[in-house]
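Participant: what follows is a predicted protein model with its sequence.
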Amino acid sequence: ESLHSSIGLLGISAGSLLLAVHFYSLPRAAPLIPSTALGVLLLILSSLLAYAGIRRSLRNASLFLSLCLTISVFWCGYGVVFILGGQGVLNDTGDFRDALVPGLVTFTLALLIIAAVGFLCREVILAMVASAVSLASAHEVAMHYSTAFGSSAVACNYMIVCLVGGYFALGRILYFLTKEKIALPGTDLAKKKTHEQIQSTSGSMNHFAVTGLILNMLSASVFGCKLLGVTGKLFIGQVPWLWAAGIYQIGICILSYRAMDVLMATFFGFTSILKFAGGYCLLYPIWQAEEPSLPTPFLVVFSILFAVLALFLTLKSPLDGLYLLFYVAYCIALACRPKGFFEGGPQGVDVAIFVASALVTLIHLYNVKASAKIPTGRGAVKALLARSSFLKLREGADLHAPYLGYSKYADAEVLGYACSVLASFAITVTGDPQAPLATVVIPWVVVAGGVLKLLGGSVAFARGKTLESSAFILYAVMWIIWGLARYGGLYGTTRSFHAAVGIVAFMLFNGFIVFCTLFLNIAWFFYSLAFLLIAVSFLLDAIHVLPAGYDIAATLIFGLVSFYCFLSALFNSIFEGSCLPMGRPIVQLSGVGGGTTKCLHLPARKASSVKRIADILKNGGTCGIPTDTVYVLVAACNRPDAVEKAHQSKRQAQDRPMSLWISSLKQLEPAKHLFTPLLWDFMEAAWPSPISLVVPRGEWVDFLGMKDSAKYVGTPQSIAIRIPDCSVTTHLIDLVGPIVVTSANPTGEADTTHHNQVYAKLGDKVDAVLCDGPSPENIASTVVDCTKIDSGNVGFFRVGIIPKSQVTLIL
């Protein structure tokens, strides 16, 4: 419980000790720790803090998460600035100050907010650490602008952090060594644990949002400080803050999907694109003396996407929806000014974003921790929509139920489609071949079309959407390669045969995806077909025969189709019913996709799922379930209609009879006298395990209430019986009674080792599937012939996962 807290606070203490030493030795001619070495050490510690914060947060929500991630991103940017200083990049007078101050200003305020909430919620140790680092940053800012402030004040604050962190670590060590007898004040986590856990389960809240908002403050501070005259210029020294914020923002986006918050994850994905673009603009003057220009159409589209997202977010939280409107204004301000980030208008909006982000951070952080909440209007819109018969909000446990089985992530398709819109409108700009980098296109295409689309593809794969994830990943690779080649100056004015061959290979892959989408839905068919048009425009460009305007038309068509998909995915994630449907499959084949609409898919790790499967079996249904070996198809013993249905759906061959499973030998206890003592002892010794025993058929069958089902089970002479070594399966049998079992695949086909395969093979023939991902084993059970066991010998119908030698040893 406390390990990650200890690691986190020890990491903060270690970094503070380094900085304390650095600032104490600053008046000397040569600093004690060289700048480059200090920067590298801070980078290492920042990664440790990010790990400690994320690992801790998965257990329960805490102020600790926000503190760790905030100091982690602070030291990441800070460390890179020190490395730049050490390598002589920041040579001019005032460069080091201009590079450091925007970050220091942000973290002074952000850590002050964390400290204030910490003191209010009685998290004294964390609050002291946050306030001391905040004061250290404030002193450092003052030190850069006035010689009256010495560096010793900064070092003193860092020493306080070091002592507090050391005290906490000592407290935890004592707590463990004395077996919880000695607990120093403020270090005993056990008392708070129960209260926090109750709070964290009382509502699904995205605890990562606070860090995401602080990252927005950081990027706004870089440009806002220039407008307010705090820094003298925008240059390479501020890029570490922007790009550190962008990288961490992508991380927060992924973690928001883990927290099942689709809308905030999409928002953080969008803002990370702006951060990378800002960093690119500050880097560009290294190559050319002039400032780069921004493409207007792209920014107008970006503002529309922000506006749509703001509208949907207002339905969940009006405060967050209003906050997003600042970004709508920001994109419009950037679109109005050709030099974008370097102009006063966008910088003015940056100042507003900084203030708004700070306020929203305070509200979010306080509401996560405190029992009395600051009102954000969360319930107001829900109450209004409750009266509407047309629109109904999606709620409940199945809100983020994945396409197949179980997933730890919410659906990332909204972000995937939005990135397609952004990338397609970005390449409507025809760059100057002589100065390909002068127009800012690379960040939009590579980050939006590439990196974030890869993220969307990975999440789609984790949710069982194999085709969609393949398409997203393929398109992401295409955007990255084409974006860098065409807009990175690699392509030049010459065109080559090799580029054409590469594009043809992509078109072949995409042709396969277009074919597959015929069986998915209409929207995806048009989406993949429109991308084929873009690939054709790339090909024509590569072989010098591109008609005027064709590439613009192709990208506009793809952009509009993607925008429809974006709206549809947003609607379907927020509202019940399909206001904007994706359409039906163009080609409907029997057995293809049957399981996705007709039969239930329930996660095996939930007891409620096992109970629902039991109810289905009791009512005469058939289900696919996981076992200790491969997936099987089951029916209740006392339901002849269900057993017959299972027999029919499998096209069961006569030489592959169905077997009988029980959960305990107690179910056979009334008929014990009908089994020979040796056979009974052998059953006791062999089970539970992946060993099926074929025993002589007899009157004992009637004790299990099989009635008319008996004719489908086993042969006229014998029956295979087993107790599986799987807690889910035996619990199900306890609820239902003995079950009739057969492998979950049509006769003659390979065994089924994943719930997706059960859908593919029997999806339209079973009533439900209990999903548990891949099977623990790929081999079926060993089938032992016990009909002549009294002679001291057993035979083997099939040698499966348990070898012959082990069975003989048991005998």
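Facilitator: That came through, no problem.
Participant: thought Phe509 was touching Ala535, still the case?
Facilitator: No - if you go by Cβ atoms under 8 Å, Ala535 and Phe509 don't touch, sitting 9.5 Å apart. Placement of C-beta: from N, CA and C, glycine included.
Participant: the two: who's more crowded?
Facilitator: Ala535 (21 against 15; other Cβ atoms under 10 Å).
Participant: how near is that one to Asp541?
Facilitator: Noted for Ala535: a distance of 11 Å to Asp541, by Cβ to Cβ, to the nearest Å.
Participant: any common contacting residues for the two?
Facilitator: Counting by Cβ atoms under 8 Å, 6 or more residues apart in numbering, Ala535 and Asp541 have no contacts in common.
Participant: which parts of the chain belong to which domain?
Facilitator: 1-186, 206-371, 428-574, 600-810 (the TED database).
Participant: out of the ones you listed, which is the most enclosed?
Facilitator: Ranked by mean neighbour count under mean count of other Cβ atoms under 10 Å, the domains of the chain are led by domain 206-371, which reaches a mean of 22.
Participant: what's the span of it from first residue to last?
Facilitator: Across domain 206-371, the terminal residues are separated by 16 Å (Cα to Cα, to the nearest Å).
Participant: start the count at 55 instead of 1 going forward.
Facilitator: Sure, I'll start counting at 55 from here, so that last one is domain 260-425.
Participant: let me see the mean pLDDT of that domain.
Facilitator: Domain 260-425 comes out with an average pLDDT of 92.
Participant: again with stretch 850-865
Facilitator: 89.
Participant: distance from that stretch to the middle of the chain?
Facilitator: 43 Å (Cα atoms, centre = their mean, to the nearest Å).
Participant: repeat for stretch 265-284
Facilitator: Distance, centroid of stretch 265-284 to centroid of chain: 27 Å (Cα atoms, centre = their mean).
Participant: pull the CA atoms of that stretch into CSV?
Facilitator: C-alpha atoms of stretch 265-284 as CSV (Å, rounded to 0.1, in the frame of the first residue of the first chain):
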residue,chain,number,x,y,z
THR,A,265,-2.3,16.9,-14.1
GLY,A,266,-3.6,17.4,-17.7
LEU,A,267,-5.0,20.9,-16.7
ILE,A,268,-1.6,21.8,-15.1
LEU,A,269,0.1,20.9,-18.4
ASN,A,270,-2.2,23.3,-20.2
MET,A,271,-1.1,26.0,-17.7
LEU,A,272,2.5,25.2,-18.6
SER,A,273,2.2,25.6,-22.4
ALA,A,274,0.0,28.8,-21.9
SER,A,275,2.6,30.3,-19.6
VAL,A,276,5.4,30.1,-22.2
PHE,A,277,3.5,32.3,-24.7
GLY,A,278,1.6,34.4,-22.0
CYS,A,279,4.9,35.4,-20.3
LYS,A,280,6.1,36.9,-23.6
LEU,A,281,3.0,39.0,-24.0
LEU,A,282,3.2,40.3,-20.4
GLY,A,283,6.9,41.2,-20.8
VAL,A,284,8.0,38.6,-18.2
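Participant: mind listing what the nearest residue to Lys446 once chain neighbours are set aside touches?
Facilitator: Of all residues not flanking Lys446 in the chain, Glu630 sits nearest, at 4.6 Å (Cβ to Cβ, 6 or more residues apart in numbering). Taking Cβ under 8 Å, 6+ apart, we find Glu630 in contact with 446-448.
Participant: by mean pLDDT, flag the weakest helix or strand of this protein.
Facilitator: Ranked by mean pLDDT, DSSP states H and E, the weakest helix or strand in the chain is helix 244-255, scoring a mean of 46.
Participant: run the chain-centre distance for the helix or strand Tyr132 falls within.
Facilitator: Following DSSP states H and E, one finds Tyr132 within helix 117-140. Distance, stretch centre to chain centre, for helix 117-140: 23 Å (Cα atoms, centre = their mean).
Participant: please apply the same query to stretch 519-533.
Facilitator: Distance, centroid of stretch 519-533 to centroid of chain: 16 Å (Cα atoms, centre = their mean).
Participant: got it, and stretch 139-158?
Facilitator: Here stretch 139-158 shows a centroid-to-chain-centroid distance of 36 Å under the convention Cα atoms, centre = their mean.
Participant: contact partners of it?
Facilitator: Here stretch 139-158 makes contact (Cβ under 8 Å, 6+ apart) with 88-93, 128, 131-132, 135, 138, 191-192, 194-195, 198-199, 272, 275-276, 278-279, 284-287, 289-292, 294-295.
Participant: do stretch 502-518 as well
Facilitator: 304, 307-308, 311, 323, 326-327, 456-459, 461-467, 469-470, 473-474, 476-478, 480, 522-527, 529-531, 533-534, 537, 810.
Participant: next, give phi and psi for the residue nearest to Lys446.
Facilitator: phi -80, psi 150 (degrees, to the nearest 10).
Participant: ok so, going back, distance to Arg638 for the domains of the chain - can I get that in a markdown table?
Facilitator: Formatted as a markdown table, the domains of the chain follow (distance: least, Cβ to Cβ, whole Å):
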| stretch | distance to Arg638 |
| --- | --- |
| domain 55-240 | 39 |
| domain 260-425 | 24 |
| domain 482-628 | 6 |
| domain 654-864 | 16 |
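Participant: now the helix or strand harbouring Gly433: buried residues?
Facilitator: Using DSSP H and E, the element containing Gly433 is helix 432-440. Of the residues in helix 432-440, Val435 count as buried by neighbour count, 16 or more other Cβ atoms under 10 Å.
Participant: next SSE after it?
Facilitator: Note on helix 432-440: by DSSP H and E, the next helix or strand toward the C-terminus is helix 467-480.
Participant: which other residues reach the next helix or strand after that next one?
Facilitator: Sequence-wise, the next helix or strand downstream of helix 467-480 (DSSP H and E) is helix 496. Outside of helix 496, the residues within contact range by Cβ under 8 Å, 6+ apart are 334, 537-538, 541-542.
Participant: same check, this time on stretch 751-763
Facilitator: 689, 691-694, 697-698, 714, 716, 721-722, 724-725, 728-729, 764, 767-773, 791-792, 794.
Participant: in helices, which of those fall?
Facilitator: Among the contacts of stretch 751-763, the members falling in helices (DSSP state H) are 694, 697-698.
Participant: just name the closest of these to Leu217, please.
Facilitator: Minimum distance to Leu217 across these is 72.2 Å, recorded for Val697 (Cβ to Cβ).
Participant: show the model's pLDDT score for the residue nearest to Lys446.
Facilitator: Looking at Glu630, its pLDDT is 75.
Participant: that one and Ser442: what is the separation?
Facilitator: 11 Å.
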